[in-house]
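Colleague: quick one, structure for this:
(one chain, ligands or ions: 1)
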Amino acid sequence: MATNTVTDEYPEIALTRRDGLKLAGLGIASVAALGMGVGGVRAVTNGAFSAGSGDPYDLWHDWHSMTGIERVVAAGALACNPHNTQPWRMIVDGDVIVVHSDPSRRMPINDASGREHLAGLGCAVENMVIAAGAAGSTSQVTLFPHGLASDHVARIGLRKDRPRQDRDLAAAIPHRHTNRGPYTSAPVDLSDFAEQSLRVDGASVLWITDKAAREKLGRLYVEATEAITADTAQSTEAFSWFRSSRGSIDKYRDGLTLDAQGLGDLALFAAKLLPAQSREDGDAYWVKATREVHTATAAAYGVIVVDDVTDRSAQVNGGRLLARMHLTATALGLGLHHMNQITERIDRDAASGNPDVFSARWAALLGRPASTGLLSFRIGHPERTPGLSPRRSLDDVVTS
Ligand SMILES: Cc1cc2nc3c(=O)[nH]c(=O)nc-3n(C[C@H](O)[C@H](O)[C@H](O)COP(=O)(O)O)c2cc1C
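Modeller: Okay, the predicted model is just below:
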């Protein structure tokens, strides 16, 4: 890669505060009216003064000082994963890490086929492979050693026998966050991703950069987001993973939070002063942000493609490549935002026997069958530093 030299003093992305309040759908007057009375108490309860610090965020800060297999496993726990469900359980046995799916952390309505759940496990596998490689270990990865139906998703055998590799990507691990904020209009040099896009067998990246195609895809994302929010069961399940108070973040240490929504500083502060959003308000904000920010400022879209999206090994391998793409973007100072509304609706319609509304247009945009488009994301030069998302402690997810 051309520009991804990374040191431990990692360059953070510059912060700007453009149009924050407007984006959040809040007025200056309402913020001022709240003052520091009841709003001030809410600000404390909702973590306005403690974002990114405290126990749920320790792993991000402590990773640099970790060593050995603990550092490798922690890299897995810091991986991107669907709705921050953290769908993994890890067992460490000497130099072997066994990765299990935690089925209680699946989202059967939003992720009806389970593709995102297994992709999230693939992301954890690849983060561990990268962390181990940077420490000079070869990872022997075996997927589904007990058969494809099993929850035993991967076995990673580590052998310390090689020169250190993937050091730039490993250095990006504690700085990688999903960036849902606006991106600038500057184009992205996709050749910087070329080497990493070849690193996982059975999965590749299809880039959508052409303006007309981006606009068409953008409209499809908005339509899919509207369909999700109009589907009460799907919207309710998604909302159940939203942690709107600091208390619920401390309690669960998972799920989506206000800090991770890509708001400007002032809008985020204001959102924390106000009472927690209802599901309906949150959905309305999401549709608006998808239309006015996410799709309006995407410099390019990437789609992880595989031979068959229903193949469980391909789902894991697609996640492995996705993790590499996200770490590469971070190393390059780019923002990456996973956006899977279209495939979530394709799977939801198929599972509920509804007419297939999205596959034909998804396939036309990909120029290949819909059954090969596994996961998707947007990238660009970000205007804002993304917030940290909580993580459960290693004690909760790892047994040895
Ligand atoms: C397979 C997969 C699917 C995802 N789908 C979406 C999505 O559709 N929309 C979104 O905003 N984030 C999506 N994400 C991002 C996660 O919500 C995010 O990784 C998680 O909340 C943890 O936050 P972090 O990436 O900042 O650590 C997805 C991530 C993965 C790995």
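
Colleague: with just CA atoms, put stretch 145-158 into PDB.
Modeller: Extracted in PDB, the C-alpha atoms of stretch 145-158 (Å, rounded to 0.1, in the frame of the first residue of the first chain):
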ATOM      1  CA  PRO A 145     -13.700 -28.300  11.800                       C
ATOM      2  CA  HIS A 146     -16.700 -30.200  13.100                       C
ATOM      3  CA  GLY A 147     -18.900 -29.600  10.000                       C
ATOM      4  CA  LEU A 148     -20.700 -26.700   8.400                       C
ATOM      5  CA  ALA A 149     -23.800 -26.900  10.700                       C
ATOM      6  CA  SER A 150     -21.700 -26.600  13.900                       C
ATOM      7  CA  ASP A 151     -21.300 -23.500  16.100                       C
ATOM      8  CA  HIS A 152     -17.600 -24.200  16.200                       C
ATOM      9  CA  VAL A 153     -16.700 -21.700  13.500                       C
ATOM     10  CA  ALA A 154     -12.900 -21.700  13.400                       C
ATOM     11  CA  ARG A 155      -9.800 -23.200  14.900                       C
ATOM     12  CA  ILE A 156      -6.700 -21.000  14.700                       C
ATOM     13  CA  GLY A 157      -3.400 -22.700  15.400                       C
ATOM     14  CA  LEU A 158      -0.500 -20.300  16.100                       C
END
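
Colleague: touching the ligand at all, it?
Modeller: No. Under the criterion of Cβ under 6 Å from any ligand atom, the ligand is not reached by stretch 145-158; the shortest gap measures 13.6 Å. Heads up, the C-betas are built off the backbone N, CA and C, glycines and all.

Colleague: helices along the stretch 251-400 of the chain, start to end?
Modeller: For the stretch 251-400 of the chain, the helices defined by DSSP state H, counting those that start in this stretch occupy 265-273, 279-289, 312-331, 341-352, 359-366, 394-397.

Colleague: what angle sits between the fourth one and helix 279-289?
Modeller: For helix 341-352 against helix 279-289, the angle by axes from the mean of the first three to the mean of the last three Cα atoms, to 10 degrees is 130 degrees.

Colleague: distance from the chain centre to helix 341-352, please.
Modeller: Relative to the centre of its chain, helix 341-352 is centred 19 Å away, using Cα atoms, centre = their mean, to the nearest Å.

Colleague: what angle do it and helix 359-366 make?
Modeller: Using the same axes, to 10 degrees: helix 341-352 against helix 359-366 is 150 degrees.

Colleague: and helix 341-352, what does it pack onto?
Modeller: helix 115-134, helix 211-230, helix 359-366, strand 373-380 (3 or more Cβ pairs under 8 Å, 6 or more residues apart in numbering; DSSP states H and E).

Colleague: swap the cut-off to 7 Å and go again
Modeller: Helix 341-352 sits against helix 211-230, helix 359-366, with contacts defined as 3 or more Cβ pairs under 7 Å, 6 or more residues apart in numbering; DSSP states H and E.

Colleague: and what of the fifth one?
Modeller: Counting contacts by 3+ Cβ pairs under 7 Å, 6+ apart, helix 359-366 is packed against helix 211-230, helix 341-352.

Colleague: and the second one, by the same measure?
Modeller: Helix 279-289 is packed against helix 211-230, helix 232-239, with contacts defined by 3+ Cβ pairs under 7 Å, 6+ apart.

Colleague: which of the ones you listed sits most buried?
Modeller: Of those, the one with the most neighbours on average (mean count of other Cβ atoms under 10 Å) is helix 211-230, at a mean of 17.

Colleague: before I go, just wanted to say thanks for your time.
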